[in-house]
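Novice: fold the following and give me the result.
(3 chains)
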Amino acid sequence: MNLPLIVFFVFALLAVAGAVMVILAREPIHSALALVLVMISLAILYLLLGAEFIAAVQIIVYAGAIMVLFVFVIMLLNMGVEERTNFSKLAYVGVVGGFALLFEIAHWLFHSAAGAAVANGPAPAVAFSTVELSQLLFKSYLFPFEATSILILIAILGALVLARKEE
Amino acid sequence: MEFISQHPVLVVSIVKIAVLLFIVMTALAYLTWLERKVIAHIQSRWGPYYVGAHGLLQPLADGIKFLFKEDVTPSVSDRLVYTLAPFLALSLALTAIALIPFGPPSVTLLGQPVFVVSNIDIGLLFLFAITSMGVYGVALAGWSSNSKYPLMGGLRSSAQMISYEVSLTISVVGVLLLAGTLSFNGIIAGVHGQTGYWLHFIPKWNVFPQIVGFLCYLTAAIAETNRVPFDLPEAETELVAGFHTEYSSFKFAMFFMAEYANMITVSCLATILFLGGWLSPFPDTWKWPLFLPGIGLIALGIYCLIDTFTTMRGIARLQFAVVTLLCLGGGALCLIPAVAAVIQGVFWFTAKILAILFFYIWMRGTLPRFRYDQLMSFGWKLLLPVSLANLVATSAVVLYLLTKSPQ
Amino acid sequence: MIVPVSYYLVLSAILFGLGVVAFVFKRNVITIFMSIELMLNAVNLAFVAFARAHNQLDGLVFVFFVIVVAAAEAAVGLAIVIMLARNRESLNVERVNLLKF
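Specialist: Residues are numbered from 1 along each chain as shown, chains lettered A, B, ... in the order given. The predicted structure is shown next:
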């Protein structure tokens, strides 16, 4: 029972609790805050895995910008709590099937040789270097990088055009 | 004692955190005193004068008032979020201060650097992460107060914060291009840090090559912390008090402290990135700047001594005599060469922060405030293009210098 | 080898499953969007875990792109949600059924 394992379990439990709160909350603002909790726990798990830059980007972009956008929209369209309504009972079958699949995957990961080779590979606890990541991003993956910048430009224009009030 | 020698990191960290927390809370309180005094003198009046000698016990009186005032809770829409928002704002503002190095890492105690609580390789990025989470405190406070003035104030304030956050981050990238690293110690004293002198007397601080970046950063920082001239969302004549209208006593005090803590954090960041952090503006070969803190404190003590015997009367005279003794004692302590060598970095860091905070307070006393649409168009149409132009120009110059002399 | 990588993969699968459950069972459009973000986060965790397992940085580059694409998608999606709320006066997906036969 070493410290990284304890930290992992604490924040994994927080992440799962946040995800369950997203489903169970009655007001959408509580779902949004629970999702922010999930994202922050995941950022700490990225830190545990050594990906410091990705943890910082997750908090700055995901928790600090995208979720702020969600919270803004929820506040602006103040449409109240969700009502009860009937839904297709077939969804329950789907959920059971989904959990069966999850159980199978976990079983394969933990109890078979191929799974163990995939998952329990050598993992020296050295943090990933930001310098190397930026070299990779700007040399090998330069074209996707520029393409995503154009994608963001298109998204900004689309959002502006869509959300404009009709005069 | 073996516990201390076996777990030096834990013990020193706890001591550092306790001391830093105490110092930061006192500094927050006396920053409010400084602000009221400076604005008062700009407006040709005295400011707090009677509560202690020269109003020095005013923050204590304000603190007691905040503790004992009745906590009026309106019929809020969401009690959990209403209570959570001020805690979130204050805890985020205080967490950001843990990353800042107040002095050189060479001063150690039990092998741990004394003047920085946590030294991270990507410290700057983490500081931006923490400030970007600060928007939640404002937005949630405005929304959960269940009233139209806080809602409008909260939405406007958070929209302003996220707009100026972009310019804040981009204006800093010029410094990162020059320094080549994201860690604070690297930016101050690293390979491409701010040590050394041009022409033997101009210190190599980043404010000189990056003057445009510095001005953009300062403007964006003032807008980010909701200070005049960008404080429309919390101005009294416009929106009662903006997002913290419905908060009273301790929760309001937490928002208040969070705003000043954000100001301190942003000033610390400006000092580290642009003004050379804890480096002294005088070359290391000169010996006399080591005694500047001592001489300054003794001069302040002599001024307090003269003031005690001329203008103070009654109990204020006693209080001010205590202040005089503290100043003279501290000055004498700082004149010991061993202490002066240790205190040097912290002294220069504090002096630079105080200069920037004085600039903040001076702006508050002098400038009128922006209207909201002027504020937003300034942020998106002027400040963002200027920071981007600064980034492009800096990267062009760095690329040219790299190709000229490959290293 | 302190925390086995398989633990992270199981957590990622659980979060993804919870995201799917939220997607299927909730009726508020914004909550459905948030479940999509939850699924994307779970996938990000799997990528970072695999990057750790193979000690290569390509997983982190992909995580970066996923985050950027999620940001763009959230912006456009929420603009559509705002238009929807204006036209149909409600955020219930079951009210958006004009094309239902």
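Novice: CA only for contacts and neighbour counts going forward, please
Specialist: Will do.
Novice: show me the helices in chain A, by range?
Specialist: Counting by DSSP state H, chain A has these helices, from start to end: A:3-24, A:28-48, A:52-57, A:67-76, A:90-111, A:113-119, A:130-139, A:142-162.
Novice: again with the stretch 101-250 of chain B
Specialist: B:123-133, B:135-144, B:148-179, B:184-189, B:211-224, B:236-239, B:249-274 (DSSP state H, counting those that start in this stretch).
Novice: out of these, flag the one nearest chain A.
Specialist: Ranking the helices of the stretch 101-250 of chain B by distance to chain A, with CA to the nearest CA as the measure, places helix B:123-133 first at 4.7 Å.
Novice: returning to that earlier point: tabulate the helices of chain A (TSV), appending mean pLDDT.
Specialist: Listed next are the helices of chain A as TSV, based on pLDDT from 0 to 100:
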stretch	mean pLDDT
helix A:3-24	93
helix A:28-48	94
helix A:52-57	93
helix A:67-76	91
helix A:90-111	79
helix A:113-119	58
helix A:130-139	90
helix A:142-162	94
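Novice: quick one: the ones you listed as TSV, columns for distance to chain B too.
Specialist: Formatted as TSV, these follow (distance: least, CA to the nearest CA, whole Å):
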stretch	distance to chain B
helix A:3-24	14
helix A:28-48	9
helix A:52-57	6
helix A:67-76	7
helix A:90-111	31
helix A:113-119	28
helix A:130-139	8
helix A:142-162	14
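Novice: which of those sits closest to residue B:109?
Specialist: In terms of CA to CA, the element of those nearest to residue B:109 is helix A:3-24, at 25.0 Å.
Novice: quick check: angle from the closest one to helix A:28-48?
Specialist: Counting by axes from the mean of the first three to the mean of the last three CA atoms, to 10 degrees, helix A:3-24 points 160 degrees away from the direction of helix A:28-48.
Novice: dump the helices of chain A to TSV, plus mean neighbour count.
Specialist: Converted to TSV, the helices of chain A look like this (neighbours: other CA atoms under 10 Å in any protein chain shown):
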stretch	mean neighbour count
helix A:3-24	18
helix A:28-48	23
helix A:52-57	24
helix A:67-76	20
helix A:90-111	14
helix A:113-119	15
helix A:130-139	15
helix A:142-162	15
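Novice: how about those in CSV, adding distance to residue B:56?
Specialist: Formatted as CSV, the helices of chain A follow (distance: least, CA to CA, whole Å):
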stretch, distance to residue B:56
helix A:3-24, 45
helix A:28-48, 41
helix A:52-57, 41
helix A:67-76, 40
helix A:90-111, 64
helix A:113-119, 63
helix A:130-139, 47
helix A:142-162, 51
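Novice: for residue B:189, which of those helices is the nearest?
Specialist: Residue B:189 sits nearest to helix A:130-139 of all those, at 19.0 Å, using CA to CA.
Novice: where's that closest one relative to the chain centroid, distance-wise?
Specialist: Distance of helix A:130-139 from its chain centroid, counting by CA atoms, centre = their mean, to the nearest Å, is 23 Å.
Novice: likewise stretch B:16-35?
Specialist: That offset, for stretch B:16-35, works out to 11 Å (CA atoms, centre = their mean).
Novice: repeat for stretch B:147-157
Specialist: 26 Å.
Novice: grab the CA positions of it and hand them over as PDB.
Specialist: Written as PDB, here are the backbone C-alpha positions of stretch B:147-157 (Å, rounded to 0.1, in the frame of the first residue of the first chain):
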ATOM      1  CA  SER B 147     -31.400  37.900  -8.000                       C
ATOM      2  CA  LYS B 148     -30.900  39.800 -11.200                       C
ATOM      3  CA  TYR B 149     -28.100  42.200 -10.200                       C
ATOM      4  CA  PRO B 150     -25.700  39.400  -9.100                       C
ATOM      5  CA  LEU B 151     -26.700  37.300 -12.100                       C
ATOM      6  CA  MET B 152     -25.800  40.000 -14.600                       C
ATOM      7  CA  GLY B 153     -22.700  41.000 -12.600                       C
ATOM      8  CA  GLY B 154     -21.600  37.400 -12.400                       C
ATOM      9  CA  LEU B 155     -22.100  36.700 -16.100                       C
ATOM     10  CA  ARG B 156     -20.500  40.000 -17.200                       C
ATOM     11  CA  SER B 157     -17.600  39.500 -14.800                       C
END
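Novice: what comes up buried for it?
Specialist: Using 16 or more other CA atoms under 10 Å in any protein chain shown as the test for burial, stretch B:147-157 gives B:147, B:149, B:150, B:151, B:152, B:153, B:154, B:155, B:156, B:157.
Novice: what's the mean pLDDT across that stretch?
Specialist: Stretch B:147-157 carries an average pLDDT of 82.
Novice: need the single longest helix in chain C, by residues.
Specialist: helix C:58-88.
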